[in-house]
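Enquirer: Quick one: sequence and predicted model below, then my questions.
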Amino acid sequence: MRAIFSTQSKSFLFKEWKYIRRKILPLSIGLAIFGFLTVILLLALPYLADFLESLLPEVTPEMSIQSFMDSTNSIVSIIAVILCADAIAGEREQNTLVLIQTKPISPVTVILTKLAVRYLLVFISTIVGAIAVFFGTWAFIGLPDIVSFIISLVVYAFTLFAYLGIGMLISTIARSQISAGVISAVIILLITLISAFLLFEKFQPYNIFMMSVNLTTMEFTPTNIAVVCIVLFGLGSVFVTASVLAYYSEKEPTRKKV
């Protein structure tokens with residue numbers, strides 16, 4: 001515990017936060033615009049083609065929220081894991097990982113610090129986008145169910161933790177930032193595609209990576225929601241633990257020749 005709150009650890013945390021905080025504003029603005037356009041596009045779809053009008057005879061607030069959560073679950077989560085690519089693999093590629101490893105900072109502190117700042121970056125930006133969607137939906141379609149929306153965001157918070165855990169593990173194992181980003185994006189895309197195919201009602205309570213999307217239009221018991229959150233947190237914790245072990249098991253650091 002002392003290692004986590006040491007002077008060196010605090011300095012490392014400040015450095016990571018200083019690096020990542022510059023990205024919060026542009027990503028927040030981007031997701032706010034993206035969220036608002038989600039509402040506008042949903043309203044415009046019935047006018048683009050006759051068959052779309054028959055598929056969407058009435059656009060409801062729930063459909064708007066679900067559309068945003070679906071896009072967030074697929075697109076933003078990919079962005080999140082790509083951000084993890086430079087966490088360890090980027091340091092290794094830039095030959096700065098050796099400097100971190102020679103400082104009195106525990107592997108747990110390194111992994112958790114890099115994970116935390118990236119988690120805050122994505123989640124804060126997602127909340128900004130969600131606020132834009134909420135008020136855009138309220139203005140153009142109707143008042144959404146705020147309780148359901150908040151629960152969806154809470155479940156997404158656990159989903160994001162699992163995604164970032166995957167990204168951190170791959171970044172710790174990969175030898176370069178590009179390979180870490182590509183592998184992470186492919187894995188998250190596969191998870192999203194598999195989850196999207198599990199549309200049958202009997203699979204919905206167990207479709208953990210799509211729970212945050214389905215909550216706005218389907219009913220789940222509090223037990224289902226709690227179990228999914230626990231499973232997602234457990235998965236994320238397993239990936240983070242594996243990242244720590246992989247980082248800890250690296251050989252004695254030596255500088256690369258340039």
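Expert: Structure received.
Enquirer: Just after the lowest-mean-pLDDT helix or strand in the chain, pick out the following helix or strand.
Expert: For the chain, using mean pLDDT, DSSP states H and E, the weakest element among its helices and strands is helix 50-55, scoring a mean of 60. Using DSSP states H and E, the next helix or strand after helix 50-55 towards the C-terminus is helix 61-71.
Enquirer: what's the average pLDDT for that next one?
Expert: Helix 61-71 shows a mean pLDDT of 87.
Enquirer: what's that helix packed up against?
Expert: Packing partners of helix 61-71 (3 or more Cβ pairs under 8 Å, 6 or more residues apart in numbering; DSSP states H and E): helix 24-48, helix 107-140, helix 146-173, helix 211-214. Glycine gets a C-beta too; all of them are placed from N, C-alpha and C.
Enquirer: TSV for those, including distance to Asn95?
Expert: Output for these, formatted as TSV (distance: least, Cβ to Cβ, whole Å):
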stretch	distance to Asn95
helix 24-48	27
helix 107-140	16
helix 146-173	16
helix 211-214	39
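Enquirer: and Ser74, which of those is closest to it?
Expert: Of all the helices and strands packed on helix 61-71, helix 211-214 sits nearest to Ser74, with 8.9 Å by Cβ to Cβ.
Enquirer: now for the helix or strand following that closest one, which elements pack on it?
Expert: With elements assigned by DSSP H and E, the helix or strand that comes after helix 211-214 is helix 222-248. If contacts are counted by 3+ Cβ pairs under 8 Å, 6+ apart, helix 222-248 sits against helix 107-140, helix 146-173.
Enquirer: Redo the ones you listed as CSV? Include distance to Leu41 and mean pLDDT.
Expert: Shown next, in CSV, are the helices and strands packed on helix 222-248 (distance: least, Cβ to Cβ, whole Å; pLDDT from 0 to 100):
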stretch, distance to Leu41, mean pLDDT
helix 107-140, 11, 92
helix 146-173, 19, 92
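Enquirer: looking at the ones you listed, which is buried most?
Expert: Greatest average neighbour count among those goes to helix 146-173 (a mean of 22), per mean count of other Cβ atoms under 10 Å.
Enquirer: what angle separates that helix from helix 61-71?
Expert: Angle, helix 146-173 to helix 61-71, by axes from the mean of the first three to the mean of the last three Cα atoms, to 10 degrees: 10 degrees.
Enquirer: and helix 146-173, how far out from the chain's middle?
Expert: Between the centre of helix 146-173 and the centre of its chain there are 5 Å (Cα atoms, centre = their mean, to the nearest Å).
Enquirer: what's the answer for stretch 181-194, then?
Expert: 12 Å.
Enquirer: Quick check, Val213 in contact with Ser67.
Expert: No: in this structure Val213 lies outside contact range of Ser67 using Cβ atoms under 8 Å: 9.1 Å.
Enquirer: Comparing the two, which shows the higher neighbour count?
Expert: Between Val213 and Ser67, counted using other Cβ atoms under 10 Å, Val213 has the larger neighbour count: 26 against 21.
Enquirer: For that one, report the pLDDT, please.
Expert: For Val213, the pLDDT comes out at 86.
Enquirer: Tell me how far it lies from Phe197.
Expert: Relative to Phe197, Val213 is positioned 13 Å away (criterion: Cβ to Cβ, to the nearest Å).
Enquirer: try Met69
Expert: Taken as Cβ to Cβ, the span from Met69 to Phe197 is 18 Å.
Enquirer: Can you pick out the residue with more neighbours from the two?
Expert: Under the criterion of other Cβ under 10 Å, the comparison of Met69 against Phe197 puts Met69 first, with 28 against 10.
Enquirer: Please list all residues in contact with that one.
Expert: Neighbour list for Met69: Ser152, Tyr156, Ser212, Val213, Leu215, Thr216 [criterion: Cβ atoms under 8 Å, 6 or more residues apart in numbering].
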